[in-house]
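> Need a 3D model of the following:
(chains A and B)
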There are 2 protein chains.
Amino acid sequence: VNLGQSSLAASRSIEPEGALTDATVTCCQLSPVIGDAAHNRELSLHAIADAATAGSDLIVLPELVTSGYCFESADESQRLAITRQDPIFDEWAAAAGSAIVVGGFPEIDRGALYNSAVLIEPEGGRTWYRKTHLWDAEKEVFTAGDRPPPIVDTKLGRLALLVCYDLEFPELTRNLALAGADLFVVPANWPLLGPIPAGEHAGEVVIAMATARMNHVFVACCDRSGTERGQAWTEGSAIVSADGWVVAEADGHAVISAVLDLESARNKRITKRNDAFLDRRPELYQG
Amino acid sequence: VNLGQSSLAASRSIEPEGALTDATVTCCQLSPVIGDAAHNRELSLHAIADAATAGSDLIVLPELVTSGYCFESADESQRLAITRQDPIFDEWAAAAGSAIVVGGFPEIDRGALYNSAVLIEPEGGRTWYRKTHLWDAEKEVFTAGDRPPPIVDTKLGRLALLVCYDLEFPELTRNLALAGADLFVVPANWPLLGPIPAGEHAGEVVIAMATARMNHVFVACCDRSGTERGQAWTEGSAIVSADGWVVAEADGHAVISAVLDLESARNKRITKRNDAFLDRRPELYQG
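Sure thing, here's the model as predicted:
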């Protein structure tokens, strides 16, 4: 179910507390090989099956995991793009068993390419999203999506589906939180742009932490690993709690998991007299 | 000069590059004593004079530095509140010499109390701000301000004046950045709410870092130190660069400084094809 804000507002007032159970969330920081779709298919299927066997309820794969990221030509990106009817999505669903699976792929539709992600529910629901904020050379290859990230009301909780750079727009993430998202699910490829100061998280993780803390939502970012055509990645996949602390973080090639009480994201209370949402002063935010 | 957005948009297109020189910014993480106005006056004047002598261009004091924070009664807060005509502001200006000084105080105006801050320019300009997002027991004492944080176009650059919890509202900080702020100046009292995980910055600093990075603005937060009526503080004053890294951070009772190229905040370019502001998709942020 892809909810709009009005239906969420209505549902919020009637939904019983204690409706959600803890969810095990897994980010599979894989290392796809650019252009080798067969290899990447095997890689993703094994990762999903392993996580499902380990009891994961939500399995997150990186952005563009079916293809790799650093296309060297328009021809290459066209050749690696797939449609929503591609059999890999049925294979992902089968490998996931009763878990939800999320991953990124280059989508082709009527001649246009999109940097897309899908959220596949075991009950059959599939929610598609086309990245709306394109990073660097993506602008030469992809068309930006024209619909904001969806919020999917799943058995685990309300999952917002973003891709990578989308997370760096605070007005977007605030809106998704206000619309009721419990967890931001973020397939990513975080290019390593410059040195990360000693002792610090990657800048993208800092943004995930602050986004979680300011909105009291959970965030699960799945980066990729490996060097591709000279491009390194932060390899910084992170799962962040609704109070803004990292509860699981990758270190190189890694699969990370955490058990999250997603329902706790629905209580925005900070202190006896403070609530992250009720303390807002929208009349002062007109710019 | 307190600029509105339209005048900033106009000024931005005509302003010459290289108009600003590097600014030395100092946060004086003092330990005021609740109720002891004479002590706090001396404390603030010495800190300002020391920083000015050391060559600081912008001297930031904590929130409510004239009074302390943890009022035990309405009577006490009334007794410690001062007006904008209080002589301390002339004294601060005199001690600061050619530097700008910013600090917080409990303001009384026509019987109402505000958690206020002032930005004093050596040329005589004074800009006042009443905190718009009140924290916890402040709600029992203060009236929230009804105007958003001002942006002051100073010789150092465009300084936005916020107080503490204001910084945790991403739609507010985004608007201030879009309106042209180069540096967020944030007098604060950050109560220590719970343990900070080992190796992490205080959560408020994480928010400052992400705010800086997402908006490509500088942030200078001046916390306080000492324990007051059982309340400890994070003692985490921090100066953050426009790329989101901490360039100076307090450790206990401390004065911190950094030299900032504030003009660099006006270039929002991230990569060859990315710009933090031009990449926005406002049509998707309607909620």
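
> Low-confidence ranges, the stretch 151-287 of chain A, go.
Applying pLDDT under 70 to the stretch 151-287 of chain A flags residues A:252-253, A:287.

> so where does the residue most central in space within chain A fall, helix or strand?
In chain A, the centroid-proximal residue (CA atoms, centre = their mean) is residue A:186; its distance is 1.7 Å. Using DSSP states H and E, residue A:186 sits within strand A:183-187.

> Mind listing the strands that strand pairs with, and their directions?
Paired with strand A:183-187 in the same sheet, following DSSP bridges, are strand A:158-161 (parallel), strand A:218-222 (parallel).

> Run through who's touching the first one.
For strand A:158-161, the external contacting residues (CB atoms under 8 Å, 6 or more residues apart in numbering or on different chains) are A:3, A:8, A:58, A:100, A:102, A:117, A:119, A:127, A:129, A:149-152, A:176, A:180-185. Backbone N, C-alpha and C define where each C-beta goes, glycine included.

> same deal with the longest one?
Strand A:218-222 is touched from outside by A:25, A:27-29, A:58, A:60-62, A:102, A:167, A:182-188, A:204-205, A:208-209, A:211-212, A:236-242, A:260, A:262, A:265, with contacts defined as CB under 8 Å, 6+ apart.

> if we can go back for a sec, give me the subset of the contacts of strand A:158-161 lying in strands.
Using DSSP state E, A:58, A:100, A:102, A:117, A:119, A:127, A:129, A:151-152, A:183-185 are the members of those that sit in strands.

> what's the farthest-apart pair in these?
Greatest spatial distance among the ones in strands among the contacts of strand A:158-161 (CB to CB): A:58 and A:129, at 15.6 Å.

> before we move on, the earlier item: now neighbour count too, for the ones in strands among the contacts of strand A:158-161, in TSV please.
Formatted as TSV, those follow (neighbours: other CB atoms under 10 Å in any protein chain shown):
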residue	neighbour count
A:58	26
A:100	25
A:102	25
A:117	31
A:119	24
A:127	19
A:129	28
A:151	25
A:152	24
A:183	27
A:184	26
A:185	26
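
> now, which of the residues you listed sits nearest residue A:269?
residue A:183 (18.6 Å).

> Give me the nearest residue to that closest one, chain neighbours excluded.
Nearest in space to residue A:183, with sequence neighbours left out and distances taken as CB to CB, 6 or more residues apart in numbering or on different chains, is residue A:218 at 4.2 Å.

> Longest helix in chain A, by number of residues?
The single longest helix within chain A, with elements called by DSSP state H, is helix A:37-53.

> Contacts for that one next, please.
Counting by CB under 8 Å, 6+ apart, A:26, A:28, A:30-33, A:59, A:61, A:65-68, A:80, A:88, A:91-92, A:95-99, A:101, A:103, A:255, A:257 sit against helix A:37-53.

> Which ChimeraX command selects the buried ones in those?
In ChimeraX, this line selects whichever of the contacts of helix A:37-53 come out buried by 16 or more other CB atoms under 10 Å in any protein chain shown:
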select /A:26,28,30,31,32,59,61,65,66,67,68,80,88,92,95,96,99,101,103,255,257
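
> Residue A:260: neighbouring residues, count only.
27 (other CB atoms under 10 Å in any protein chain shown).

> Phi, psi for it please.
The phi/psi pair for residue A:260 (degrees, to the nearest 10) reads phi -120, psi 140.

> contacting residues around it?
Residue A:260 makes contacts with A:22-25, A:183, A:218, A:239, A:241, A:247, as judged by CB under 8 Å, 6+ apart.

> quick one on the thing from earlier: and the residue nearest to residue A:183, how many neighbours?
Neighbour number of residue A:218 under other CB under 10 Å is 28.
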